[in-house]
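> give me a 3D structure for the following:
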Amino acid sequence: MAEEDKKIEPNQEEDKSQEASVEETDGKELSDADRLKLQSDFALKLVDTLVAFNDRQISSYEIPNRFFTKDEVACFLNFLKAVPVNPLPAIYPEDGFLIFRGVAVPKSVNLSEASKQEIEQAVLAGNEEEVQATHLSDLEPDMLNSFQIATQIYNNRVEKIRASYLANVKAAKAQVTEISAAVVCGFVIILTLASLT
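Residues are numbered from 1 along each chain as shown. Okay, here's the model as predicted:
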């Protein structure tokens, strides 16, 4: 019995070590996929936080509650510095005029310099100086990848919204042209009829 116990123990240890090595191998494969998912999820969190702030769904005081570690805060601050300021300037009246409709500038990605400063102050208020001094090159590889993914997502979103805004402006300008042409034609017809009588 004692011999069998002795024999079982080494086998159990071998099984455990084999399981551990399989888990490490599987863990490495899974960790790459999991790591990429975590990076993408955090990148979306960065983007969604700024979009929610611009849409006034959250205030600047709620933003620090979305990031928990020093690295997360530093990554968000670097992302905040990297996003473009007012990438969609107004090129058409936002309010309606006469009988024409206006075209509002989309606010979701139109971050102003004042908004940036407001967010920075709120985020840095409760954080130590280390976070303030953390540069992009100081970030961990996972955070750096999240930053790059977030920047790409944000820029793609800006481009899609810009295309939609320009299409709306084009439609509004076409409406002005059509109505103006109709009004001019109407006046010409009235003047022509008046001169005939």
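> would you agree residue 52 is in contact with residue 58?
Yes - with contact taken as C-beta atoms under 8 Å, residue 52 and residue 58 are classed as touching, separated by 4.7 Å. C-betas here are computed from N, CA, C, even on glycine.
> can you give me the neighbour number for residue 182?
Burial of residue 182, expressed as a neighbour count using other C-beta atoms under 10 Å, amounts to 10.
> mind telling me what element it is part of?
Residue 182 belongs to helix 141-196 when assigned by DSSP states H and E.
> the host helix or strand of residue 39: what's the following helix or strand?
Per DSSP H and E, residue 39 falls inside helix 2-54. Scanning forward in sequence from helix 2-54 by DSSP H and E, the next helix or strand is helix 70-82.
> can you pull up the most central residue in this structure?
Averaging the C-alpha coordinates of the chain gives a centre point, and the residue nearest to it by C-alpha atoms, centre = their mean is residue 47 (2.3 Å).
> mind checking how far that one is from residue 53?
Separation of residue 47 from residue 53 (C-beta to C-beta, to the nearest Å): 11 Å.
> any stretches of this protein with poor pLDDT?
Low-confidence regions of the chain, defined here as pLDDT under 70, cover residues 1-30, 126-133, 197.
> what's the local residue count around residue 36?
Burial measure for residue 36: 13 neighbouring residues, criterion other C-beta under 10 Å.
> separation between it and residue 42?
As defined by C-beta to C-beta, residue 36 lies at a distance of 11 Å from residue 42.
> what's the answer for residue 65, then?
In this structure, residue 65 lies at 15 Å from residue 42, with C-beta to C-beta as the measure.
> equivalent analysis for residue 141, please.
Computed as C-beta to C-beta, the residue 141 to residue 42 distance reads 13 Å.
> between the two, which one's more packed in?
Summary of the neighbour comparison: residue 141 and residue 42, criterion other C-beta under 10 Å, with residue 42 having more neighbours (22 against 9).
> wait, isn't that one in contact with residue 72?
Yes - when contacts are counted by C-beta under 8 Å, residue 42 is listed as touching residue 72 (7.3 Å).
> next, show the common contact partners of those two.
residue 143 (C-beta atoms under 8 Å, 6 or more residues apart in numbering).
> hmm, back to that, what is the helix holding residue 182 packed up against?
The elements that helix 141-196 packs onto, with contact taken as 3 or more C-beta pairs under 8 Å, 6 or more residues apart in numbering; DSSP states H and E, are helix 2-54, helix 70-82.
> what's in contact with the helix or strand following the shortest one?
Under the assignment DSSP H and E, the closest C-terminal helix or strand after helix 70-82 is helix 113-124. Identification of contacts with helix 113-124 by C-beta under 8 Å, 6+ apart yields 53-54, 60-61, 63-64, 67, 73, 76-77, 80-81, 85-86, 131-132.
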